[in-house]
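*Asks:* build me a structure from this.
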Amino acid sequence: MRKQYRWIVVAATCALMGMNSNGGEVSVTEIDKGGGVVHLRIQNEFFDAEFAPENGAQAISFKTRHSTNEWVFPGYGGLFKENFVGQGFPGELPLAKRTYKLLEKGPEKVVVEFQTTTKDNIVVFRIMTFAGNSPVVRVKLGMLNQSSQSIVRGLWPKWDMYISGIREQNFYYRPDHHGINMSGWDEKKQYMGGEDFIRFPYAGWTAALNKQTGEGVVWLMDYHWLKWLYNCNSAWTIEWFCDYAAVPKTEKWETEYDMILVKGYPDFCHGSSNVIAGMVMEPAKPDASSGELLITHAVGRSMAGDVKKVKLQAKLRGVDTKENYDLPILELGDLVWEPRKATHTLKVNMDQRLVCEVRLTGTGADGKEISEEYAYYWAGIKGEKFDLLAGTTATTYYRKPPKKIKQYAKPKDLAYYRKAEPRLLELSGMFHHIYRIPEAATQAGVHEITASYFNNISFAGSSLSYMPSSFEEMFEYDVVVLNNVDAACLTDFGLEALREFVRAGGNIIVLGGMYAFGCGGYQETALAEMLPVTLGERAFDFKQLNPPGMLKVAKTAKLFDGVKLKTPMYCFWRQEMKVKPDGWVELMAGDNPFLICGRYGKGKVAVISGNVCGESAKGKPAFWESSEWPESMARVFRWFFTD
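*Replies:* From the prediction side, this is the model:
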């Protein structure tokens with residue numbers, strides 16, 4: 001059935017901040033504050049900022065030419081702060097004294113470098129670029145490791161400010177896997193909802209808007225190094241966490257981000273180097289009496305330059321239904337800083353949840369064609385349903401975040417050599433002791449055992465008390481045991497180092513539990529690639545065996561070939577997985593693969609699909625309680641140390 005709609009395009013005619021953006025200069029002034037303290041004042045046609053090198057090189061004053069209000073609020077306010085992830089405030093960096101160097105002094109461009117050296121000899125640097133005719137501040141942020149060993153650190157950019165210098169009507173926008181997550185405060189300082197932490201960012205941007213003045217800020221960062229987005233709503237902060245980076249000695253790690261001042265957007269739903277976009281979906285009339293939905297698009301250029309001949313091809317679809325609405329193509333013409341707006345109006349059932357998917361095309365400043373896609377989720381006129389069991393709203397819409405790709409510098413002469421005295425690293429999660437790994441390892445002749453402990457009670461996410469911080473450090477072990485730990489605690493670098501370790505000849509064994517396999521987010525990580533099993537599609541992959549499965553030697557066994565288990569051992573719960581073609585089963589739990597082995601590169605991998613859930617019953621003792629269990633595990637360890 002063909003849907004009814006109306007559409008209209010409104011072209012923007014005014015320049016950003018109400019000024020001419022085709023000219024202008026940028027200047028830097030060194031202000032002597034006395035006592036050897038010098039501040040830097042940087043001005044262009046868009047803003048006026050003062051930086052305090054002795055106080056973390058933060059901007060202690062920031063005003064735009066549009067309003068002249070002070071954006072930095074009294075007390076602890078400030079822009080362009082940094083910290084190390086996990087340290088909290090104040091930590092080492094936010095207030096640390098920094099040196100500065102003016103690399104360029106204008107009038108077309110000002111470039112200034114700030115840096116400080118931490119107590120463990122890490123140089124943290126920030127290089128800021130300002131242009132005369134641009135509302136963009138480009139920042140290169142990084143670490144230089146001058147210590148005597150490799151380090152693992154994550155940087156944490158932070159802004160404490162009121163948009164437009166007015167704390168009311170500040171709203172924050174974050175791309176989440178459930179749509180655009182918006183939070184903030186209204187004119188009565190009433191909290192408007194939304195999470196503080198966004199643990200599954202969908203893209204590398206975040207934004208803040210003052211709906212009272214129309215001023216906003218968009219930040220663009222490297223999605224691949226983005227860990228979380230964060231706003232402390234009660235303190236009006238904008239923050240994000242860069243993922244942990246492993247930095248070898250004498251090496252450096254760096255990333256770039258951009259801060260872009262904007263004006264005229266109703267909200268935000270997309271940000272890139274080419275365009276910034278906002279979208280609002282609402283009833284065409286406040287009382288919804290017309291039965292019409294109004295979709296307002298707002299699109300402007302971003303930092304890469306003007307975008308010409310822009311077209312929007314939008315499609316509206318029901319999330320819970322099969323309803324689809326193909327909308328007319330909107331021709332926006334050439335984009336400038338001030339957003340151009342366009343609308344669709346159509347008859348639709350507004351009780352349903354809807355998502356508007358947009359494909360934007362145009363010609364970039366370099367003459368090349370651009371094409372970008374983004375979406376906006378609307379929960380319907382009644383909003384999300386409340387989940388009584390979970391005590392939260394039950395989000396319906398989900399989009400899978402893109403895969404993150406990182407590259408780490410690997411030593412050229414990296415190689416694995418088996419140690420005369422085998423060394424084992426056990427990453428120990430909840431109930432790790434029940435598996436009796438040290439007892440089994442000792443029976444196999446392994447006496448050098450390092451224990452690392454899993455922690456999942458932290459604002460910074462799951463972590464380990466110890467994890468090798470370099471490839472060389474990882475290669476000092478012969479066996480790594482993942483005992484009920486999730487993929488996140490290993491960090492992306494740890495996963496990469498573990499993959500290289502096994503590929504070169506190292507060994508790993510992975511045990512089941514509430515934080516392992518599907519429950520531990522192993523899917524689409526290096527672990528899924530290395531393991532001799534294919535994980536199930538469900539995140540919660542526990543399955544109860546009914547009846548319980550007694551362990552027995554599999555027909556394909558190599559390690560246990562000819563072995564007869566002397567005592568009954570039962571598995572009550574296991575995690576769903578299938579054996580890969582190049583893997584083989586050593587032990588079965590009833591009709592289910594229990595101990596699966598395989599190879600990855602030159603290394604060996606073992607998987608226990610069962611876990612230590614359930615309890616012994618009469619005549620059916622749990623496998624982990626059997627006196628024969630440590631020897632069964634010891635047999636796996638001995639296999640690791642044979643050719």
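
*Asks:* give me the number of residues near the nearest residue to residue 578 once chain neighbours are set aside?
*Replies:* Spatial nearest neighbour of residue 578, excluding adjacent residues (C-beta to C-beta, 6 or more residues apart in numbering): residue 534 at 4.7 Å. (Glycine included, C-beta is placed from N, CA and C.) By the criterion of other C-beta atoms under 10 Å, residue 534 has 15 neighbours.

*Asks:* measure residue 534 to residue 517 for me?
*Replies:* 11 Å (C-beta to C-beta, to the nearest Å).

*Asks:* and residue 340, by the same measure?
*Replies:* 49 Å.

*Asks:* you'd agree residue 633 is up against residue 442?
*Replies:* No - Residue 633 is beyond contact range of residue 442, at 10.7 Å (criterion: C-beta atoms under 8 Å).

*Asks:* and the nearest residue to residue 586 once chain neighbours are set aside, what element?
*Replies:* Of all residues not flanking residue 586 in the chain, residue 595 sits nearest, at 4.3 Å (C-beta to C-beta, 6+ apart). Assigned by DSSP states H and E, residue 595 falls within strand 592-600.

*Asks:* then residue 438?
*Replies:* helix 437-443.

*Asks:* could you list every helix and strand in contact with that helix?
*Replies:* strand 423-428, strand 479-483, helix 629-640 (3 or more C-beta pairs under 8 Å, 6 or more residues apart in numbering; DSSP states H and E).

*Asks:* pick out whichever of residue 633 and residue 442 has more residues nearby.
*Replies:* residue 633 (25 against 16).

*Asks:* the residue nearest to residue 578 against residue 577, yeah?
*Replies:* Yes - if you go by C-beta under 8 Å, residue 534 and residue 577 touch, sitting 6.3 Å apart.

*Asks:* which of the helices and strands packed on helix 437-443 sits most buried?
*Replies:* strand 479-483 (a mean of 26; mean count of other C-beta atoms under 10 Å).

*Asks:* strand partners of that one, parallel vs antiparallel please.
*Replies:* Its sheet considered, strand 479-483 pairs with strand 423-428 (parallel), strand 507-511 (parallel) by DSSP bridges.

*Asks:* the following helix or strand past that strand vs strand 479-483, what angle?
*Replies:* Sequence order places helix 487-503 as the next helix or strand after strand 479-483, per DSSP H and E. Orientation of helix 487-503 against strand 479-483 (axes from the mean of the first three to the mean of the last three C-alpha atoms, to 10 degrees) gives an angle of 150 degrees.

*Asks:* other SSEs contacting helix 487-503?
*Replies:* By 3+ C-beta pairs under 8 Å, 6+ apart, helix 487-503 packs against strand 245-247, strand 463-464, helix 471-474, strand 507-511, helix 526-530, strand 592-600, strand 603-608.

*Asks:* make CSV out of these and add distance to residue 330.
*Replies:* CSV is the format used below for these (distance: least, C-beta to C-beta, whole Å):
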stretch, distance to residue 330
strand 245-247, 41
strand 463-464, 47
helix 471-474, 51
strand 507-511, 51
helix 526-530, 41
strand 592-600, 50
strand 603-608, 52
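
*Asks:* and those: which comes nearest residue 153?
*Replies:* Evaluated over these, closeness to residue 153 peaks at strand 245-247, with 6.4 Å, by C-beta to C-beta.

*Asks:* beyond that closest one, next helix or strand please.
*Replies:* strand 252-263.

*Asks:* distance between that following strand and the chain's centre?
*Replies:* Mean-position distance between strand 252-263 and its chain equals 16 Å (C-alpha atoms, centre = their mean, to the nearest Å).

*Asks:* buried set for that strand?
*Replies:* Neighbour-count burial for strand 252-263, counted by 16 or more other C-beta atoms under 10 Å, picks out 252, 253, 254, 255, 257, 258, 259, 260, 261, 262, 263.

*Asks:* ok now the helix or strand that it is followed by, how far from the chain's centre?
*Replies:* Using DSSP H and E, the helix or strand that follows strand 252-263 in sequence is strand 270-271. Between the centre of strand 270-271 and the centre of its host chain there is 16 Å, according to C-alpha atoms, centre = their mean.

*Asks:* show me the contact partners of strand 270-271.
*Replies:* Strand 270-271 is touched from outside by 175, 203, 205, 207, 218-220, 276-278, 302, 358, 372, 374, with contacts defined as C-beta atoms under 8 Å, 6 or more residues apart in numbering.

*Asks:* quick check, nearest of those residues to residue 421?
*Replies:* residue 203 (48.6 Å).

*Asks:* can you tell me, leaving aside adjacent residues, what's nearest to the closest one?
*Replies:* residue 175 (4.4 Å).

*Asks:* sec struct for the one you found, please.
*Replies:* What DSSP: H, G, I helix; E, B strand; the rest coil gives for residue 175 is strand.

*Asks:* report the beta-bridge partners for it.
*Replies:* According to DSSP bridges, beta-bridge pairing links residue 175 with residue 180.

*Asks:* so it sits against residue 218, correct?
*Replies:* No - with contact defined as C-beta under 8 Å, residue 175 does not reach residue 218; the gap is 11.5 Å.

*Asks:* which residues do those two both contact?
*Replies:* Common neighbours of residue 175 and residue 218 (C-beta under 8 Å, 6+ apart) are 205, 206.

*Asks:* beta partners for the residue nearest to residue 586?
*Replies:* residue 587, residue 608.

*Asks:* could you measure residue 319 against residue 295, distance?
*Replies:* 15 Å.

*Asks:* cool, residue 607 as well?
*Replies:* Relative to residue 295, and taking C-beta to C-beta, residue 607 is found at 49 Å.

*Asks:* residue nearest the centroid of this structure?
*Replies:* Of all residues in the chain, the one closest to the mean position by C-alpha atoms, centre = their mean is residue 227, 2.9 Å from it.

*Asks:* who has more neighbours out of residue 607 and residue 295?
*Replies:* More crowded of residue 607 and residue 295, by other C-beta under 10 Å: residue 607, with 29 against 26.

*Asks:* wouldn't that one be in contact with residue 522 here?
*Replies:* No - using C-beta under 8 Å, residue 607 makes no contact with residue 522, being 10.5 Å away.
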